[in-house]
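>>> predicted model and sequence below, questions to follow.
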Number of protein chains: 2
Amino acid sequence: MPRKTDPLQRSLLLLQLIPRHPGMIATTTLQEKLKDRGFEVTLRTLQRDMNGLSMQFPIFCDESERPHRWCFDKGYSHSLPGMDTNEALTLVLAKQYLTSLLPAAVLDSLAGPLNEAHKHLDSIQANGHGSWQSKVRLLPAHQSLVPARFNADVWHVVTDALLHHHAIEARYRKRNNEEPDDYLLHPQGIVHRHSVTYLLATVKNYDDVLQFALHRFESARETVTPFRPLANFSVESYIRNGGFGLLQSEETITLKALISRELFVRLQETPLNESQVLTAPDDTGWGLMTAQVRDEQTLFWWLQSLGGAIRVLAPQQWRDELLRQAKELVGWYEASEKT
Amino acid sequence: MPRKTDPLQRSLLLLQLIPRHPGMIATTTLQEKLKDRGFEVTLRTLQRDMNGLSMQFPIFCDESERPHRWCFDKGYSHSLPGMDTNEALTLVLAKQYLTSLLPAAVLDSLAGPLNEAHKHLDSIQANGHGSWQSKVRLLPAHQSLVPARFNADVWHVVTDALLHHHAIEARYRKRNNEEPDDYLLHPQGIVHRHSVTYLLATVKNYDDVLQFALHRFESARETVTPFRPLANFSVESYIRNGGFGLLQSEETITLKALISRELFVRLQETPLNESQVLTAPDDTGWGLMTAQVRDEQTLFWWLQSLGGAIRVLAPQQWRDELLRQAKELVGWYEASEKT
DNA sequence: TTCGAGGCGTCAATATGTGACGCTACCAGC
DNA sequence: GCTGGTAGCGTCACATATTGACGCCTCGAA
């Protein structure tokens, strides 16, 4: 590799090598990493670089340890091309959605870009009418439950260990167990479902993949021990084989249903999927929808949530189940009304 | 302002001033912007800077126009400090959610950061077991409809004009209208609802705020005419006043319901909200939930989607409505079964 | 106490960045 | 088809910044 010396390039590389707050990097480590990428410079030069950069950037230097350690302030971000308006707005919109879907600890990782977006938007509206904050709003389509909360450290450790193939030392409290136990986990995957985040991992030298909900971790520590890989494992196939109680069959079935006028209008704009075919409501007020769908729990819930606005014609098993549950409700509500 | 000359600082600023692809910036404009921020340099120096930068970065120069125009390649992004593993994974996770919620055109704005995340993750897994792509998965909790599609340009124009307070010239096709009409719109806000994105705007010199679904725009162009602001308008109050057919009352009501054992476990981990109080199922198999909630459509849909797993005790009007719809369904399914 | 790693000040050699010029290419208005 | 203005580009000489070398100093572990 040719010996590069351009100070701009070097500084830029440095800025990328310096981690954000919880992380820290020693000056000597930086020197090595620079060397790896073709910049051979004296330690002295590097020290000068760092001093210069820390004047212009929110870079903190921990001088208590001997090879000084450097890091960026928490939540700092600076992207190169600067953000444009629509990127910033998209981030802000996305954030509104995600807060009801992802745990705060996960969302914290996006603090940097979000700060930047806010700064960008603020700078535009400096002399404006009203603020951008009052101009963008999101109306959720679904009732959201509060995502299970867990520690940001746990998220950091788990993601890092998963991708770097390291084992995790964890203190985990099983459901309905008061006392936590210590485990050595070999992380295989992460699944997020119904606002709960699970780590899929094997324990010790067993081959069964177990689910560990992140909010039941008391603590987690990434080890340097390499994890024990599982041949041919993939989250995809784990789920397909019923790991989460859902048998996702590949084959599709034909959903056929009468739909109300309101639902017709809505499905016109945002169809169920590409295979959907609609017939406009006739004078009875009912239209027709057919679509090829998978036999999934979420779809059934959706049908149920629509109540009287949809009347399923096929498949028969969904008709039966909808009727069964409706009957059960009618029976119970009528009975309890009398008392 | 003191005249700054540091070439590193100047280059960094330049990299921020150069927009991403659809945008373009002329060399002379750059010179002015630099001057605004205290860097007074010759045009020649700037030209040298740009040539240098375009060797190291994917910067494109359009030489067909006379003051040459510069831009970054589409989808390029480079953040300082570089991404860490959990930021990258969070982005990838978020993307999985958002694709079913936001139109592709909106999500396109995040192509830059996402590319970066992929690059980061790829670099980690270069020599690993399996790829990160097979390790993170998201199981959606709700059936998602296909977001209404619209043009990326429309999104760019609308967000830009909204925040810069410019009027928009648009060709818009009303619902059920074949022929589009031309409008001069004064953008007041953006609302995203049920996978449809609406621009709230006034037309000409009327004061009524109208809704324009972005997917019905044939074209849109940001003008330089300043928009006509509306005193005291905010999206928040527009919605609260029933702009989207939802009267969001501020007051809460008490929801009280019997819940099945499965629902109890789920609500334990991801409660409805902070006010929720649960009582464990007794030997009849039913537990009790109470919570302070708003009278919202989404919550009602949620109750309905749960079918027989929840039995509402209060408020009475929800009991009535649930019973009414259940009865309607039973009546219809039983009648249609006989034919 | 010693020892060594690493921070920091200084200096001279060298590399680099800068403005000033002048030439050229392109475009627009006569 | 001029002509004038604008901006790109090559070159030069000068100013300035960057670098490695060296030496001293501090800190912490043995």
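Thanks, I have the structure now.
>>> distance of residue A:66 from residue A:23?
As judged by Cβ to Cβ, to the nearest Å, residue A:66 and residue A:23 stand 18 Å apart. (C-beta placed from N, C-alpha, C; glycine too.)
>>> does chain B sit close to the lengthiest helix in chain A?
Looking across chain A with DSSP state H, the single longest helix is helix A:316-338. Yes: using Cβ under 8 Å from any Cβ of the partner chain, helix A:316-338 reaches chain B at A:319, A:322-330, A:332-334, A:336-337.
>>> pull out the buried residues from stretch A:245-255.
A:253, A:255 (16 or more other Cβ atoms under 10 Å in any protein chain shown).
>>> elements contacting the lengthiest strand in chain A?
What stands out as the longest strand in chain A, according to DSSP state E, is strand A:181-193. Here strand A:181-193 touches helix A:152-164, strand A:166-172, strand A:196-203, helix A:235-240, helix B:85-98, strand B:136-139, going by 3 or more Cβ pairs under 8 Å, 6 or more residues apart in numbering or on different chains; DSSP states H and E.
>>> tell me what the first one is packed against?
In other words, helix A:152-164. helix A:104-108, strand A:166-172, strand A:181-193, strand A:217-226, helix B:85-98, helix B:111-124.
>>> centre of the chain versus that helix, how much separation?
13 Å (Cα atoms, centre = their mean, to the nearest Å).
>>> repeat for stretch A:111-121
19 Å.
>>> quick one: it near chain B?
Yes: Stretch A:111-121 lies within reach of chain B by Cβ under 8 Å from any Cβ, at A:112-113, A:121.
>>> okay, now residue A:104: neighbour count?
Other residues near residue A:104 come to 12 when the count uses other Cβ atoms under 10 Å in any protein chain shown.
>>> assess the claim that it and residue A:146 are in contact.
No: Residue A:104 is beyond contact range of residue A:146, at 10.1 Å (criterion: Cβ atoms under 8 Å).
>>> between the residues of helix A:316-338 next to chain B, which has the most around it?
If you count neighbours using other Cβ under 10 Å, the busiest of the residues of helix A:316-338 next to chain B is residue A:326, which has 27 neighbours.
>>> sorry, back to before: which of the helices and strands packed on helix A:152-164 sits closest to DNA strand C?
Closest approach to DNA strand C among these (Cβ to the nearest atom of the strand): strand A:217-226, 19.9 Å.
>>> what pairs with that closest one, parallel or antiparallel?
Using DSSP bridges, strand A:217-226 pairs in its sheet with strand A:166-172 (antiparallel).
>>> between strand A:196-203 and the strand it pairs with, find me the angle.
Using axes from the mean of the first three to the mean of the last three Cα atoms, to 10 degrees, one finds that strand A:166-172 and strand A:196-203 are set 110 degrees apart in direction.
>>> can you give the contact residues for strand A:166-172?
By Cβ atoms under 8 Å, 6 or more residues apart in numbering or on different chains, the residues outside strand A:166-172 that reach it are A:157-158, A:160-161, A:180-187, A:201, A:212, A:216-228.
>>> for DNA strand C, tell me which of the residues of helix A:316-338 next to chain B show up nearby.
Among the residues of helix A:316-338 next to chain B, not one lies near DNA strand C by Cβ under 7 Å from any atom of the strand.
>>> for the helices and strands packed on strand A:181-193, give me CSV that also has mean neighbour count and mean pLDDT.
Below are those laid out as CSV (neighbours: other Cβ atoms under 10 Å in any protein chain shown; pLDDT from 0 to 100):
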stretch, mean neighbour count, mean pLDDT
helix A:152-164, 22, 92
strand A:166-172, 21, 94
strand A:196-203, 22, 94
helix A:235-240, 17, 88
helix B:85-98, 22, 91
strand B:136-139, 20, 90
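>>> and these as TSV, adding distance to residue B:304?
Converted to TSV, these look like this (distance: least, Cβ to Cβ, whole Å):
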stretch	distance to residue B:304
helix A:152-164	34
strand A:166-172	36
strand A:196-203	23
helix A:235-240	27
helix B:85-98	23
strand B:136-139	21
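>>> between these, which one is nearest to residue A:297?
Among these, strand B:136-139 comes nearest to residue A:297, with 9.8 Å by Cβ to Cβ.
>>> that closest one near chain A anywhere?
Yes: using Cβ under 8 Å from any Cβ, strand B:136-139 reaches chain A at B:136-139.
>>> who in the stretch 151-300 of chain A is up against chain B?
Counting by Cβ under 8 Å from any Cβ, the residues of the stretch 151-300 of chain A close to chain B are A:155-156, A:159-160, A:162-165, A:188-196, A:213, A:215, A:229, A:233-236, A:239, A:244, A:246, A:266-267, A:269-274, A:296, A:298-299.
>>> can you give me the end-to-end distance of stretch A:167-182?
Taking Cα to Cα, to the nearest Å, stretch A:167-182 runs 13 Å from one end to the other.
>>> for the residue in chain A that DNA strand C sits nearest to, grab phi and psi.
Here chain A gets closest to DNA strand C at one residue, residue A:27, 3.5 Å apart by Cβ to the nearest atom of the strand. Backbone geometry at residue A:27, expressed as degrees, to the nearest 10, gives phi -60, psi -40.
>>> ok, residue A:147 - how many residues close by?
Residues within reach of residue A:147, counting by other Cβ under 10 Å, total 25.
>>> you'd agree it is up against residue A:105?
No: look at residue A:147 against residue A:105 with Cβ under 8 Å: they stay out of range, at 9.4 Å.
>>> quick one: residues contacting residue A:62.
A:24, A:68-71.
>>> who wins on neighbours among the residues you listed?
residue A:70 (22 neighbours).
>>> assign that residue to helix, strand or coil.
Three-state assignment for residue A:70 (DSSP: H, G, I helix; E, B strand; the rest coil): strand.
>>> does it touch residue A:60 like I think?
Yes: the criterion here is Cβ under 8 Å, and residue A:70 meets it with residue A:60 at 7.2 Å.
>>> need the overlap of contacts for these two.
Counting by Cβ under 8 Å, 6+ apart, the shared contacts of residue A:70 and residue A:60 are residue A:54.
>>> how far away is residue A:24 from residue A:18?
Distance from residue A:24 to residue A:18, by Cβ to Cβ: 9 Å.
>>> any shared contact partners between these two?
With Cβ under 8 Å, 6+ apart, residue A:24 and residue A:18 have common neighbours A:70-71.
>>> give me the buried entries from the contacts of strand A:166-172.
Among the contacts of strand A:166-172, those classed as buried by 16+ other Cβ under 10 Å are A:157-158, A:160-161, A:183-187, A:201, A:212, A:216-217, A:220, A:222, A:227-228.
>>> tell me how far the closest residue in space to residue A:194 that isn't next to it in sequence lies from residue A:292.
Nearest residue to residue A:194, sequence neighbours excluded (Cβ to Cβ, 6 or more residues apart in numbering or on different chains): residue B:141, at 4.9 Å. When distance is defined by Cβ to Cβ, residue B:141 is 22 Å away from residue A:292.
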